[in-house]
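Q: just need the structure, nothing else, for what follows:
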Amino acid sequence: MAKSLAVLLKVAAYKVEQAQNALADAERVLSQAKNDVLRWQDDAANGLAMAARAEDAVMLLASGAFRDRARDEEIRAAERVVVAEALVEKVRSELAAQYAEQQRYEILLEREKIAAKKAAAKKAESAMEDVFSSRRS
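A: Prediction:
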């Protein structure tokens, strides 16, 4: 049974590693989405400021269209942030479950090792008693 527990432990450890990788990927997606929101906010503010400094009517008109597009892109990026945050939470939950499973197998394997040591010690003690009892006779 120890070998089967060891195999289960290796599988559980692999699942934990996969969940950790998935979490890292989800956190990268979340970080990118947050950066996109900030970038579009900055681009909109910079575009308007640049147009105002240029004092060019065409540029001011274009900056309005750009600001609208930047606002739309910012909204899309904010939506991606919400989706990415939900994904990160889901993956964290899966990671916690996988880690708990790995811990259970580690505990079971350790208990089995302790039981095997106790059985070996009991067997050795029984053998010693047999030797002593045979010498007394």
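Q: which residue packs closest to the residue positioned nearest the centre of the chain, ignoring adjacent ones?
A: Centroid-nearest residue in the chain: residue 23, 3.0 Å away (criterion: Cα atoms, centre = their mean). The shortest distance from residue 23 to any non-neighbouring residue, by Cβ to Cβ, 6 or more residues apart in numbering, is to residue 91 (4.7 Å). All C-beta spots, glycine's among them, are computed from the backbone N, C-alpha and C.
Q: these two touch, right, the one you found and residue 28?
A: No. Under the criterion of Cβ atoms under 8 Å, residue 91 makes no contact with residue 28, lying 11.6 Å away.
Q: nearest spatial neighbour of residue 80, skipping sequence neighbours?
A: Using Cβ to Cβ, 6+ apart and skipping the chain neighbours, the partner closest in space to residue 80 is residue 33 (4.0 Å).
Q: what's the neighbour count on that neighbour?
A: 19 (other Cβ atoms under 10 Å).
Q: just how off-centre is the helix ranked longest in the chain within its chain?
A: As assigned by DSSP state H, the longest helix anywhere in the chain is helix 57-136. Here helix 57-136 is found 7 Å from its chain centre; the criterion is Cα atoms, centre = their mean, to the nearest Å.
Q: and the average pLDDT for that helix is what?
A: The average pLDDT within helix 57-136 is 89.
Q: the residue nearest to the centre of the chain and residue 95 touch, don't they?
A: Yes. The criterion here is Cβ under 8 Å, and residue 23 meets it with residue 95 at 5.6 Å.
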